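**Student:** got a sequence here, can you build the structure:
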Amino acid sequence: MKRQPSPSVLKRILQFQRDELTSSILYEYIAERQKDEGNRTALLEIAKAERSHYTTWKGYTGQELRPNMFKILFYKIMHMLLGDTFTIKLFEIGETFGAQELREVEEEIPEARTIMKEEEEHEDRLMEMVDEERLHYIGSMVLGLNDALVELTGTIAGLTFALMNTRLVALSGIITGVSATLSMAASNYLAERADGNAKALKSSFYTGMAYLVTVALMVLPYLLLPNSLYLAAFGILLAVVVLIIAAFNYYVSVVQSIPFWPRFAEMGTISLSVAAISFVIGLLAKHLLGIEI
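**Tutor:** The predicted structure is shown next:
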């Protein structure tokens, strides 16, 4: 007969129990979508172990729980959009907090140490298993994204205060952005070919797509707002730039297990500084040249 845990510990292990069931369902979901048989087998084994942990906790709580359906839906969407590596590592970030809590209940729950050890083994195995093609091109994506942010933020900022018309700024931004996308992709292809990269075309594709998507998001406020609201469009542009930088750097920090804030601060400082300098240049150019539109 297992000793009844204290109320505070019982509350914790009910959460553990639900998390284990939820995780097992998520690992089964990812396993079903694996092309590699070894990856599928590993994920199914881990899902089975999570079910076993659920049963262990159930022995203490005496309750049958339902999985967290919101969490399952969220991670399914993340998996569809961002792939295996990001989704699995995001799981593991959550399980890191679980490991800290497991240590706190270890005195009352002897099995906690065994579960904690198995969770760590799962993480090591998952990290060895995951090898996603898109991760080989993060450098190419960084090149396209960063170049688009620096160049287009500055260009659009300067045009905003020189032209003071959202449609004209949008037109100029689209022409500049599309031309720069083709130029950047072509330059990346030639550089990769010169380095002997057999996948130069795919590398240039990732660079170009990162650039083009960034351009589209940055120009969108100027297409949606009327001509007179160029200041509002510029404010939204700056918010979009910060969000793009934050989202991309968070993705990279998760899949590469590196700190988020230093990379975010560096890219954000560069992009916004260029925007500020270009803003001043736009005002000076309009004043000195005497152009009124």
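
**Student:** going forward, measure contacts between C-alpha atoms and count neighbours the same way
**Tutor:** Will do.

**Student:** count of residues packed around the closest residue to L43 other than its chain neighbours?
**Tutor:** Leaving aside its chain neighbours, L43 sits nearest to A31 (5.4 Å; criterion: CA to CA, 6 or more residues apart in numbering). Number of residues near A31 (other CA atoms under 10 Å) recorded here: 23.

**Student:** hang on, isn't A31 packed against N39?
**Tutor:** Yes. When contacts are counted by CA atoms under 8 Å, A31 is listed as touching N39 (7.2 Å).

**Student:** residue boundaries of the helices in this structure?
**Tutor:** With DSSP state H, the ranges of helices along the chain come out as 7-32, 37-61, 69-104, 111-129, 138-163, 166-194, 200-224, 230-256, 261-289.

**Student:** for the stretch 151-293 of the chain, which residues score under the pLDDT cut-off?
**Tutor:** Of all residues in the stretch 151-293 of the chain, those with pLDDT under 70 make up the ranges 291-293.

**Student:** hmm, back to that, now do the contacts for the residue nearest to L43.
**Tutor:** By CA atoms under 8 Å, 6 or more residues apart in numbering, the residues touching A31 are N39, R40, T41, L43, L44.

**Student:** mark which of those residues are buried, thanks.
**Tutor:** N39, R40, L43, L44 (16 or more other CA atoms under 10 Å).

**Student:** and the residues you listed as a markdown table, adding distance to Y222 and pLDDT?
**Tutor:** Shown next, in a markdown table, are the buried ones among the contacts of A31 (distance: CA to CA, whole Å; pLDDT from 0 to 100):
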| residue | distance to Y222 | pLDDT |
| --- | --- | --- |
| N39 | 46 | 81 |
| R40 | 46 | 87 |
| L43 | 46 | 88 |
| L44 | 48 | 90 |
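
**Student:** which one among these gets closest to A198?
**Tutor:** Nearest to A198 out of the buried ones among the contacts of A31 is N39 (CA to CA; 26.2 Å).

**Student:** and the gap between that closest one and L163?
**Tutor:** Applying CA to CA, to the nearest Å, the value for N39 to L163 is 55 Å.

**Student:** so V274 touches G154, yeah?
**Tutor:** Yes. V274 is within contact range of G154, at 5.3 Å (criterion: CA under 8 Å).

**Student:** centre-most residue in this protein?
**Tutor:** Nearest to the geometric centre of the chain sits Y251, at 2.7 Å (CA atoms, centre = their mean).

**Student:** what sits against V178?
**Tutor:** Neighbour list for V178: L212, V215 [criterion: CA under 8 Å, 6+ apart].

**Student:** thinking again about what came up before, which residue, other than its chain neighbours, is closest to the residue nearest to the centre of the chain?
**Tutor:** Nearest one to Y251, counting by CA to CA, 6+ apart, is F86 at 7.0 Å.
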